[in-house]
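*Asks:* what's the 3D shape of this:
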Amino acid sequence: MRPPAEPTASPLWHITLLAAGPPAPEQQLAQGLRELCALDPGNMAARYRANQVELQFWDEGPDLQRVAASATVLWREGRAEAGLPDWSLVGLEVLDRQRWGERQAAVPRAIRPGSVATM
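*Replies:* Coordinates of the predicted model:
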């Protein structure tokens, strides 16, 4: 997943959000994650297994705290709309564009935008 090329008014942040809970049917997870990713096609990607999902996406905001709050709202509201399980967030990583680029140069781990894959 590459950061958007266009300049934005606010800094860009790369978000990795993890939610987990009791096992759910993987078909339900895949379909729900496709619906969630469709809200921002080309920017959001997801991976899953029966008891965990991971979302990766770019967001813009003035600071890390606001972007993190927005990501948690995205999960809470988007999860319900997409028919995903009512799982708790168990991880949230927010990196500025520079740190994300440094990490990718060292250890590429991002997934392709718009994709939904098993872990």
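*Asks:* Could you give me the buried positions within stretch 83-98?
*Replies:* Buried residues in stretch 83-98, counting neighbours by 16 or more other CB atoms under 10 Å, are found at Leu84, Pro85, Trp87, Glu93, Val94, Leu95, Arg97. Just so you know, the C-beta spots here come from the backbone N, C-alpha and C atoms, and that holds for glycine as well.
*Asks:* and that stretch, how far from the chain's centre?
*Replies:* A distance of 6 Å separates the centroid of the chain from that of stretch 83-98, by CA atoms, centre = their mean, to the nearest Å.
*Asks:* Widest-spaced pair of the buried residues of stretch 83-98?
*Replies:* Across the buried residues of stretch 83-98, the longest distance by CB to CB is 31.6 Å; it joins Pro85 and Arg97.
*Asks:* isn't Leu12 right up against Pro62?
*Replies:* No - taking contacts as CB atoms under 8 Å, Leu12 lies outside contact range of Pro62: 11.5 Å.
*Asks:* And Asp40, how far from Ala46?
*Replies:* Taking CB to CB, to the nearest Å as the measure, Asp40 falls 11 Å from Ala46.
*Asks:* now the helices: where do they sit in this protein?
*Replies:* For the chain, applying DSSP state H gives helices covering 26-38, 64-82, 97-106.
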